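Asks: show me how the following folds:
(chains A and B)
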Protein chains: 2
Amino acid sequence: MAAPRYGRIAIIGVGLIGGSFALALKRAGACGEVVGVGRDPANLRIALERGAIDSSEPDAAAAVKNADLVLVSTPVAQFGKTFSSIAASLAPQALVMDAGSTKQDVVAAARAHLGGCLKQFVPAHPIAGAEHSGAAAARADLFDGKRVVLAPLAENPDALVRRAEEAWVACGARVFRMSAAEHDAVFAAVSHLPHLLAYALVHELSERGDAARLFGYAAGGFRDFTRIASSHPEMWRDICAANRVALLAEMDRYVSKLAAMRTLVERGDAAGLERVFADARAARNRWLAGEFSP
Amino acid sequence: MAAPRYGRIAIIGVGLIGGSFALALKRAGACGEVVGVGRDPANLRIALERGAIDSSEPDAAAAVKNADLVLVSTPVAQFGKTFSSIAASLAPQALVMDAGSTKQDVVAAARAHLGGCLKQFVPAHPIAGAEHSGAAAARADLFDGKRVVLAPLAENPDALVRRAEEAWVACGARVFRMSAAEHDAVFAAVSHLPHLLAYALVHELSERGDAARLFGYAAGGFRDFTRIASSHPEMWRDICAANRVALLAEMDRYVSKLAAMRTLVERGDAAGLERVFADARAARNRWLAGEFSP
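Replies: Residues are numbered from 1 along each chain as shown, chains lettered A, B, ... in the order given. Here you go, the predicted structure:
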């Protein structure tokens, strides 16, 4: 059997994403020993029991020593601190990646805190959220068929970016590349805005005097539309802060679209409304049929 | 075995709802012969093959003769014409119901076209949509555990409203009563507005030059948020027209909420955003736990 492509791996933040990354690489036989770093001993114990990690280590700097691959999968707000704590201990061959939902802020944190190791850091965003979190929710197949965006830095050696790509491919994912700014603009539109819209609807209804009655009649359409309003408040607070400019632009475009639709409703423009609905349905159905590719 | 509670039943419009209503009553042993009325011979043939109807009849007036129960489950826009065509042929004991998603417009059509039979009409809204339509999608269990709203008229005899209630209970549903105006206000908020919001997002993205790329990165959250944007354009055009006033009011409230959230994003008010997200998530989770009842 060939030697594993990644000998020692450090996972800083062994949650759904970090735990699944380790399990997926192990499934592929692509890694040797995995050490997990985290603040919650109970969660680390679950990660050990489930075989996602082989040992745990409270100190991130100690964990990354001699590691060939480091995944930083803590909440994005902790990235600065994490980068600072590991910068001096990283081996020169180590590939460092993150798994954050925004990229420009992560790149800024890396530039501020990774020092001479900046070129070893390849920003990554696996598009594989789930409603559950923690090591208990980690699964070896989480990334199967999923997309991963890499937003390489100008400083990254080509060979290192290819290693990053190979790691996610080994996890079962399809890998795409774009700049951090492009990434944040795309995800403001297709992910961050919808989350905000879903939170807004639930919050609006929940504040009313007849909220219980309104929710009492809400059905399957409402359930699916608002599913993402059950997402983690802290995570989405951080995403809104990190991607503020692009998100504001998307909110403004959306409100303009709503204003145009309001005019159609107000004027009783049945043909105009039907055209919007039919065009939207056709676009969504083409998307479901797999006709759109990044 | 007791005689069926509803001897002869006429279903005008044998689609998902009409077909499922017939199958559910048959499952309950609650009806005798079912005659189906429709414009599409192929659909009626499927309804016959699936046992939803026992015979088909092109003429609605002929179909309702001697019927004890008539369900009008055509698109709402056809209700006026349907009511006019059956008014003179209805038996005096016949219970007439509809299954429309809006109620004030249906009541207006009934008042305009049912003449002396108005008191026999009990407006009904089974809250059991589905992405599929037509007799082929009909299922005996479609209404199991689902809610049905009756919006009785002042003219309805109490005994007739109870018969209407019993029919839906026989179908497996839970029945609630409210006025047509209350119904339309509630569903503007929890159903009609979300549909419009989902259509708006998909349409907004589909019109952009980089639509293919945007859709290419859309994932599971987007899929669920926009599921209702695959709904029938004609049906939702009609709902927007029928419930115009309540829908406009809901759109305005929603845009105000978005403006407030925009301010939080713009100011970088992390604590304020987290509070909105956490409150919304808590409300949704209470709803999922069944804590809100009509």
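Asks: now the helices for the stretch 51-200 of chain A?
Replies: With DSSP state H, counting those that start in this stretch applied, the stretch 51-200 of chain A shows helices at A:60-64, A:79-87, A:104-113, A:158-170, A:180-187, A:193-206, listed in chain order.
Asks: got the buried residues for the first one?
Replies: Yep, that's helix A:60-64 we're talking about. Neighbour counts over helix A:60-64 (16 or more other Cβ atoms under 10 Å in any protein chain shown) mark A:60-61, A:63-64 as buried. To be clear about C-beta, it is placed using only N, CA and C from the backbone, and glycine gets the same treatment.
Asks: about what we covered before: can you put the helices of the stretch 51-200 of chain A in JSON lines and add mean pLDDT?
Replies: Shown next, in JSON lines, are these (pLDDT from 0 to 100):
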{"stretch": "helix A:60-64", "mean pLDDT": "97"}
{"stretch": "helix A:79-87", "mean pLDDT": "96"}
{"stretch": "helix A:104-113", "mean pLDDT": "97"}
{"stretch": "helix A:158-170", "mean pLDDT": "96"}
{"stretch": "helix A:180-187", "mean pLDDT": "98"}
{"stretch": "helix A:193-206", "mean pLDDT": "98"}
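Asks: most tightly packed of the ones you listed?
Replies: Among these, ranked by average contacts under mean count of other Cβ atoms under 10 Å in any protein chain shown, first place goes to helix A:193-206 (a mean of 25).
Asks: and the very next helix or strand once past it, how far out from the chain middle?
Replies: Following helix A:193-206 in sequence order, the next helix or strand is helix A:211-217 (DSSP states H and E). Offset of helix A:211-217 from its chain centre (Cα atoms, centre = their mean, to the nearest Å): 33 Å.
Asks: what's the answer for stretch A:233-241, then?
Replies: On the basis of Cα atoms, centre = their mean, stretch A:233-241 sits 12 Å off its chain's mean C-alpha point.
Asks: neighbours around A:A128, how many?
Replies: For A:A128, the neighbour count with other Cβ atoms under 10 Å in any protein chain shown is 23.
Asks: swap that for A:L247, sorry
Replies: 26.
Asks: same question, A:E33
Replies: A:E33 has 15 nearby residues by other Cβ under 10 Å.
Asks: per-residue pLDDT, it?
Replies: The per-residue pLDDT reported for A:E33 equals 95.
Asks: so what does the closest residue to A:R244 other than its chain neighbours look like in phi/psi?
Replies: Using Cβ to Cβ, 6 or more residues apart in numbering or on different chains and skipping residues adjacent in sequence, the residue nearest A:R244 is B:V265, 5.9 Å away. For B:V265, the backbone dihedrals are phi -60, psi -50 (criterion: degrees, to the nearest 10).
Asks: before we move on, what about A:I53?
Replies: Dihedral angles for A:I53 - degrees, to the nearest 10 - are phi -130, psi 160.
Asks: over to A:C31?
Replies: Main-chain torsions, A:C31, degrees, to the nearest 10: phi -140, psi 160.
Asks: tabulate the helices of the stretch 51-200 of chain A in CSV, adding columns for distance to B:V35.
Replies: CSV is the format used below for these (distance: least, Cβ to Cβ, whole Å):
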stretch, distance to B:V35
helix A:60-64, 74
helix A:79-87, 68
helix A:104-113, 65
helix A:158-170, 60
helix A:180-187, 54
helix A:193-206, 42
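Asks: which among those helices is found nearest to chain B?
Replies: helix A:193-206 (3.6 Å; Cβ to the nearest Cβ).
Asks: run through who's touching the closest one.
Replies: Contacts to helix A:193-206, defined as Cβ atoms under 8 Å, 6 or more residues apart in numbering or on different chains, come from residues A:211, A:214-215, A:225-229, A:231, A:236, A:239-240, A:247, A:250-251, A:254, B:189-190, B:193-194, B:197, B:201, B:221-222, B:225-226, B:253-254, B:257-258, B:261, B:265, B:276-277, B:279-281, B:283-284.
Asks: compute the inter-axis angle for it and helix A:180-187.
Replies: Using axes from the mean of the first three to the mean of the last three Cα atoms, to 10 degrees, the direction of helix A:193-206 lies 40 degrees away from that of helix A:180-187.
Asks: with only the CA atoms kept, save helix A:193-206 in PDB.
Replies: Backbone C-alpha positions of helix A:193-206 (Å, rounded to 0.1, in the frame of the first residue of the first chain) are rendered in PDB as follows:
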ATOM      1  CA  LEU A 193     -28.900  36.800   1.600                       C
ATOM      2  CA  PRO A 194     -31.300  33.800   1.800                       C
ATOM      3  CA  HIS A 195     -30.300  33.200   5.400                       C
ATOM      4  CA  LEU A 196     -31.000  36.800   6.300                       C
ATOM      5  CA  LEU A 197     -34.300  36.700   4.400                       C
ATOM      6  CA  ALA A 198     -35.400  33.600   6.300                       C
ATOM      7  CA  TYR A 199     -34.400  35.000   9.700                       C
ATOM      8  CA  ALA A 200     -36.300  38.200   8.800                       C
ATOM      9  CA  LEU A 201     -39.600  36.400   8.000                       C
ATOM     10  CA  VAL A 202     -39.500  34.300  11.200                       C
ATOM     11  CA  HIS A 203     -38.600  37.200  13.300                       C
ATOM     12  CA  GLU A 204     -41.300  39.400  11.800                       C
ATOM     13  CA  LEU A 205     -44.000  36.900  12.500                       C
ATOM     14  CA  SER A 206     -42.700  36.000  16.000                       C
END
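Asks: strands of chain A, start to end?
Replies: Here chain A has its strands, by DSSP state E, at A:9-12, A:34-37, A:55-56, A:69-72, A:95-98, A:121-122, A:124-126, A:147-150, A:174-177.
Asks: just put the ones you listed in CSV and tack on mean neighbour count and distance to B:D68.
Replies: Formatted as CSV, the strands of chain A follow (neighbours: other Cβ atoms under 10 Å in any protein chain shown; distance: least, Cβ to Cβ, whole Å):
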stretch, mean neighbour count, distance to B:D68
strand A:9-12, 29, 68
strand A:34-37, 26, 69
strand A:55-56, 15, 71
strand A:69-72, 27, 68
strand A:95-98, 26, 68
strand A:121-122, 27, 72
strand A:124-126, 26, 60
strand A:147-150, 22, 57
strand A:174-177, 17, 59
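Asks: can you redo those strands as a markdown table with distance to B:S20?
Replies: Listed next are the strands of chain A as a markdown table, based on distance: least, Cβ to Cβ, whole Å:
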| stretch | distance to B:S20 |
| --- | --- |
| strand A:9-12 | 50 |
| strand A:34-37 | 51 |
| strand A:55-56 | 54 |
| strand A:69-72 | 50 |
| strand A:95-98 | 50 |
| strand A:121-122 | 53 |
| strand A:124-126 | 41 |
| strand A:147-150 | 38 |
| strand A:174-177 | 40 |
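Asks: to chain B, which of the ones you listed lies closest?
Replies: Chain B lies closest to strand A:147-150 among these, at 6.7 Å (Cβ to the nearest Cβ).
Asks: ok, the spatially closest residue to A:F79 that is not a sequence neighbour - contacts?
Replies: In space, and not counting its chain neighbours, A:F79 is closest to A:A109: 4.4 Å by Cβ to Cβ, 6+ apart. Contacts for A:A109 (Cβ under 8 Å, 6+ apart) come out as A:79-80, A:83.
Asks: what separates A:A109 from A:K81, distance-wise?
Replies: 9 Å (Cβ to Cβ, to the nearest Å).
Asks: which residues touch the closest residue to A:D144 other than its chain neighbours?
Replies: Closest residue in space to A:D144, ignoring its immediate chain neighbours: A:G172 at 3.8 Å, by Cβ to Cβ, 6+ apart. For A:G172, the contacting residues are A:24, A:28, A:141, A:143-146, by Cβ under 8 Å, 6+ apart.
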